[in-house]
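K.L.:
how would this look folded up:
(one chain, ligands or ions: 1)
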Amino acid sequence: MNITIIGTGYVGLVTGTCLAEFGHHVTCVDKDEDKIRQLRKGKVPIYEPGLDALVNKNVGEKRLRFTTDFVEAVPGAEAVFIAVGTPSSRRGDGYADLTYIFEAARELAGNLTGYTVIIDKSTVPVGTARQVERVIRQTNPDADFDVASNPEFLREGAAINDFMRPDRVVIGVQTDRARQVLQEIYKPLYLLDTPIVSTTIETAELTKYAANAFLAVKISFINEIANICEAVDADISALAKAIGMDGRIGSKFLHPGPGYGGSCFPKDTLALLRIVQEHGESLRIVEAAVEVNSAQKARMVKKIRESLGGSVAGKTLAVLGLTFKPETDDMRDAPAVTIIPALIEKGAMVRAHDPKGMQEAAKYLPAEVEYAKDAYDACKNADAVILMTEWNQYRALDLKKIRSVMKYPVFIDLRNVYEPEKLKSEGFHYTGVGRK
Ligand code: UGA
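P.N.:
All right, here's what the predicted structure looks like:
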């Protein structure tokens, strides 16, 4: 099938590449000339494990191509995915900014040939697909098309696997004709017995927000329980394991930490709250999850200060991991972006390291932050080391070496990677989240 993807950001690029891998002929179109030039040379602008190899393979096998030209990209396509960004609006009110979605709809409208399904892949408020339909209809009254919603559930760092082996695929359509096109696109997944939930467009749009909001609630819940654990001398690791063994609760997303970040949960929870508000309803549990998440970051700053005797002024802090999670270079809404400036404001010096995110981090963090060449370099003469993101590289540190280069052996483990007893036996003062 001939498929066009509009937007070569994270979602568009992964979707386009994986659909090409399924055997479809995919054209990715983006206005960013530099990005398209790089992609044509085989250079992938984001760090996502396995993506560059898959891009190059499919370009080589002539199923994947890149262009800036809608006239080249859209005519002949049987399906067009809109995968442009939907950032929080600049007004700061939490609404999703749909400018790029409608721009894409207008641009593609004039280039449609034959029956085409226009599929929203970006995370968009309920009702957006219908608005896209109106925009296309106004721009090209003769176009033969349907709109559909097909939300993505990709995790950064695991996106290829999530696309190729999803828990489910959600398809929101209003006609059988559109459903058949989407079923054809995802045919390779039918062969793997992947459940396909076929529903209305509005349900599909809301499903995406509900899934992310539920996961955000789960994280905020476990973070608050971790805080209670600290108060009563209980252990969050054993507790999370025990409740997670209940199939109704499930063991995933029960890891306490410095709060959730990234380009999805913070933005999508706020956007969902705006949708709810607009309809005169309430979603207090998600409001609470958002508040708890902000409080968790502030609590981490307090935890770090207390681990250093009440003040970080004049102290050198080694920070390991800056990105919002491992296996990505994404710094959007990373806890580090809130926690590090707060520490610097209180007089700390920060020496940081991240395996992939230092270049991005420099755009988000104060200029005073120094960047180290590895974890040991970051820890040189440090008064404390803070494990902020659980990269594999930090899971088996040479603790003797770390201790020998530090000024004081204070280890603050915001991801509970290490066993407190082990760290104590190595001579560290250990602090985790939700454990003694
Ligand atoms: C999330 C969802 O997991 C995907 O299903 C969804 O498609 C995606 O958003 C999206 O909307 O595009 P992602 O933001 O890549 O994916 O990352 P997650 O693995 O979900 O992690 C989000 C944040 O939660 C990270 O900061 C992570 O450290 C934190 N987290 C996660 C915890 O603090 N504890 C946990 O137990 C799990």
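K.L.:
roughly how far does the residue in the stretch 101-250 of the chain that the ligand sits nearest to sit from D329?
P.N.:
Proximity to the ligand, evaluated over the stretch 101-250 of the chain using Cβ to the nearest ligand atom, is greatest for E156 at 3.5 Å. Where C-beta positions appear, they are placed from N, C-alpha and C, glycine not excepted. Counting by Cβ to Cβ, to the nearest Å, the separation of E156 from D329 is 9 Å.
K.L.:
comparing the two, which residue is more hemmed in?
P.N.:
Relative neighbour count places E156 above the other of E156 and D329, with 24 against 18, counting by other Cβ atoms under 10 Å.
K.L.:
just to be sure, the more buried one is in a helix?
P.N.:
No. E156 sits outside any helix when classified using DSSP: H, G, I helix; E, B strand; the rest coil, being coil.
K.L.:
who are the contact partners of the nearest residue to it once chain neighbours are set aside?
P.N.:
The spatial neighbour of E156 that comes closest, neighbours along the chain excluded (Cβ to Cβ, 6 or more residues apart in numbering), is T328 at 4.3 Å. For T328, the residues meeting the contact criterion (Cβ atoms under 8 Å, 6 or more residues apart in numbering) are I46, Y47, E48, E156, G157, K356, G357.
K.L.:
now the residues you listed: which count as buried?
P.N.:
I46, Y47, E48, E156, G157, K356, G357 (16 or more other Cβ atoms under 10 Å).
K.L.:
and these, which two are furthest apart?
P.N.:
E48 and G357 (12.9 Å; Cβ to Cβ).
K.L.:
the ligand contacts on the chain?
P.N.:
For the chain, the residues found near the ligand under the criterion Cβ under 6 Å from any ligand atom are 123, 152-156, 212, 215, 219, 253-255, 257, 260-262, 264-265, 268, 324-325.
K.L.:
export the contacts of T328 to CSV and tack on distance to E33, secondary structure and pLDDT?
P.N.:
Below are the contacts of T328 laid out as CSV (distance: Cβ to Cβ, whole Å; DSSP: H, G, I helix; E, B strand; the rest coil; pLDDT from 0 to 100):
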residue, distance to E33, secondary structure, pLDDT
I46, 17, coil, 90
Y47, 22, coil, 89
E48, 22, coil, 92
E156, 25, coil, 90
G157, 28, coil, 91
K356, 25, coil, 96
G357, 26, coil, 96
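K.L.:
helices or strands next to the longest helix along the chain in the packing?
P.N.:
Taking residue count as the measure and DSSP state H as the definition, the longest helix of the chain comes out as helix 201-232. Where contact means 3 or more Cβ pairs under 8 Å, 6 or more residues apart in numbering; DSSP states H and E, helix 201-232 is packed against helix 128-139, strand 145-149, strand 169-172, helix 236-244, helix 265-278, helix 284-307.
K.L.:
find the nearest non-adjacent residue to Y10, please.
P.N.:
Spatial nearest neighbour of Y10, excluding adjacent residues (Cβ to Cβ, 6+ apart): I46 at 5.9 Å.
K.L.:
just confirm that neighbour contacts D329, I think it does.
P.N.:
Yes. The pair formed by I46 and D329 meets the contact definition of Cβ atoms under 8 Å, at 6.9 Å.
K.L.:
could you report the distance from the residue lying closest to R65 once chain neighbours are set aside to the ligand?
P.N.:
Leaving aside its chain neighbours, R65 sits nearest to T27 (5.4 Å; criterion: Cβ to Cβ, 6+ apart). Here T27 is placed at a distance of 23 Å from the ligand (Cβ to the nearest ligand atom, to the nearest Å).
K.L.:
now the strands for the stretch 51-200 of the chain?
P.N.:
Shown for the stretch 51-200 of the chain, the strands assigned by DSSP state E, counting those that start in this stretch span residues 64-67, 79-82, 116-120, 145-149, 169-172, 196-199.
K.L.:
need the contact partners of the second one.
P.N.:
Think strand 79-82. The list of residues contacting strand 79-82 from outside it, by Cβ under 8 Å, 6+ apart, reads 1-7, 12, 15-16, 74, 101, 104-105, 108, 112, 116-122, 132, 150, 181-182, 185.
K.L.:
L365 and the ligand, how far apart?
P.N.:
17 Å.
K.L.:
what's near enough to touch that residue?
P.N.:
Listed by Cβ under 8 Å, 6+ apart, the contact partners of L365 are L322, A336, V337, I340, P341, A352.
K.L.:
related to what we said a few turns ago, could you check how many residues crowd around the residue nearest to R65?
P.N.:
23.
K.L.:
that one contacts T4, correct?
P.N.:
Yes. Counting by Cβ under 8 Å, a contact exists between T27 and T4, whose distance comes to 5.0 Å.
K.L.:
so what sits against both of the two?
P.N.:
Overlap between the contact sets of T27 and T4, as judged by Cβ under 8 Å, 6+ apart, is given by A73, A77.
K.L.:
might one say that D69 is in contact with C28?
P.N.:
No. Judged on Cβ under 8 Å, D69 makes no contact with C28 at a distance of 11.6 Å.
K.L.:
in terms of packing, which of the two has more residues around it?
P.N.:
For the pair D69 and C28, the greater number of neighbours falls to C28 (28 against 12), based on other Cβ under 10 Å.
K.L.:
the more buried one: what secondary structure?
P.N.:
strand.
K.L.:
and the gap between the spatially closest residue to P341 that is not a sequence neighbour and the ligand?
P.N.:
Spatial nearest neighbour of P341, excluding adjacent residues (Cβ to Cβ, 6+ apart): P366 at 5.5 Å. Distance, P366 to the ligand, using Cβ to the nearest ligand atom: 21 Å.
K.L.:
so what pLDDT did P366 get?
P.N.:
Per-residue pLDDT puts P366 at 98.
K.L.:
in stretch 7-23, what's buried?
P.N.:
Taking 16+ other Cβ under 10 Å as the basis for neighbour counts, the residues of stretch 7-23 that come out buried are 7-22.
K.L.:
of these, closest to W391?
P.N.:
Within the buried residues of stretch 7-23, proximity to W391 (Cβ to Cβ) peaks at Y10, which comes in at 19.2 Å.
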